[in-house]
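1. sequence unknown, structure follows:
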DNA sequence: ACAGGTATTTGACAGATGTCTAATACCTCG
DNA sequence: CGAGGTATTAGACATCTGTCAAATACCTGT
């Protein structure tokens, strides 16, 4: 018998290849335990912000490593930074998470 | 001047370290363009299911590679599989995406 | 039982990722 | 300006991830 498997399929109407890469990039920015804890902790603060030197002991990693994680979050629009004096304060960008979950639901629900 | 930086911080009340790892794992399962397209395509089907041999040409990857991605999705509860005859059919687990976005919102909103 | 189609596992490999230390940059206060 | 605290960058390294080809397993019809 010859092969009987499915005919050549067309891509989903929900999600183009380009959109898939863009959404995957944003999800990757969140898909790390350290970064989730950083975001979560910043949101917990009264002020809505936290500086690097406060975050490093929190997650028990070196400051350069935390700086690296914050950079990745910032590059994907999840946090913003502001220098005030010696410190750099990070805030969670409002709606950033909401936009990601909305895009995910559009693609996968 | 002595150091003036933040006092020892306590972890977020929103997200324990263990929960952060668990959520990160599920997000990682979704945070790949190929896997997003697979899920999206399966949901697009009338039948709600698709087999490996149909998915491989769709994303232009080899069957072993697609099988690997499907395994990762299954391991994280995002899809289920069922063998029927020669083929294995994959379905998206209902609410799986919703649970992830809910956990994410709980941690980060 | 065997032939042929479908699926997964295994093993190998390149590239991405997370972490650290050391070096550099940034900022404030004597 | 110089000392000292804070932050980031650069470079190195181990691990994880995505991919493929080859081998194996699974299933059906003859």
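-> Everything's here; your move. None of these values were measured; they are calculated from a predicted model. Residues are numbered from 1 along each chain as shown, chains lettered A, B, ... in the order given.

2. and stretch A:74-85, is it in reach of chain B?
-> No. Contact between stretch A:74-85 and chain B, assessed by CB under 8 Å from any CB of the partner chain, is absent, since the two come no nearer than 8.7 Å. (Each C-beta comes from the backbone N, C-alpha and C, glycine too.)

3. So which bits of that stretch are buried?
-> By neighbour count with 16 or more other CB atoms under 10 Å in any protein chain shown, stretch A:74-85 contains the buried residues A:76, A:78, A:79.

4. Relative to residue B:36, which of those residues is nearest.
-> Set against residue B:36, the nearest of the buried residues of stretch A:74-85 by CB to CB is residue A:76 (15.7 Å).

5. and whichever residue of chain A sits closest to DNA strand C, which of the three is it?
-> Nearest to DNA strand C, among the residues of chain A, is residue A:5, at 2.8 Å (CB to the nearest atom of the strand). Taking DSSP: H, G, I helix; E, B strand; the rest coil as the rule, one finds residue A:5 in the coil state.

6. so what's it up against?
-> Counting by CB atoms under 8 Å, 6 or more residues apart in numbering or on different chains, residue A:5 makes contact with B:51, B:53, B:54, B:87.

7. For chain A, what lies in contact range of DNA strand C?
-> Taking CB under 7 Å from any atom of the strand as the contact definition, chain A meets DNA strand C at A:1-5, A:28, A:32, A:34, A:61-62, A:64-65, A:68-69, A:72, A:83, A:85-86.

8. Filter the residues you listed down to the buried ones.
-> For the residues of chain A next to DNA strand C, a burial check counting by 16+ other CB under 10 Å picks out A:28, A:32, A:34, A:69, A:72.

9. Apart from its neighbours in sequence, what residue is nearest residue A:74?
-> residue A:81 (6.0 Å; CB to CB, 6 or more residues apart in numbering or on different chains).

10. beta partners for that neighbour?
-> Residue A:81 has these beta-bridge partners by DSSP bridges: residue A:90.

11. follow-up on the earlier one: ok, which of the buried ones among the residues of chain A next to DNA strand C also contact chain B?
-> With CB under 8 Å from any CB as the criterion, the subset of those in contact with chain B comprises A:28, A:32, A:34.

12. Can you pick out the ones from those residues that are in helices?
-> When DSSP state H defines the helices, the subset of those inside them is A:28, A:34.

13. number of nearby residues for residue A:16?
-> Residue A:16 sits with 14 neighbouring residues when counted by other CB atoms under 10 Å in any protein chain shown.

14. show me the contacts for it.
-> Shown in contact with residue A:16 (CB under 8 Å, 6+ apart): no residues.

15. Tell me the spacing between residue A:100 and DNA strand D.
-> To DNA strand D, residue A:100 is 17 Å away according to CB to the nearest atom of the strand, to the nearest Å.

16. ok so, going back, now, which of the buried ones among the residues of chain A next to DNA strand C sits nearest residue B:109?
-> Proximity of those to residue B:109 was ranked by CB to CB; the top entry is residue A:32 with 17.9 Å.

17. Surely the closest one and residue A:69 touch.
-> Yes. Contact criterion CB atoms under 8 Å: residue A:32 and residue A:69 qualify, at 7.1 Å.

18. could you point out where chain A is predicted with low confidence?
-> A:1-2, A:7-9 (pLDDT under 70).

19. For stretch A:53-63, give me every contacting residue.
-> Residues outside stretch A:53-63 that contact it (CB under 8 Å, 6+ apart) are A:34, A:37-38, A:41-42, A:52, A:65-66, A:70, A:87, A:90, B:5-6, B:8-11.
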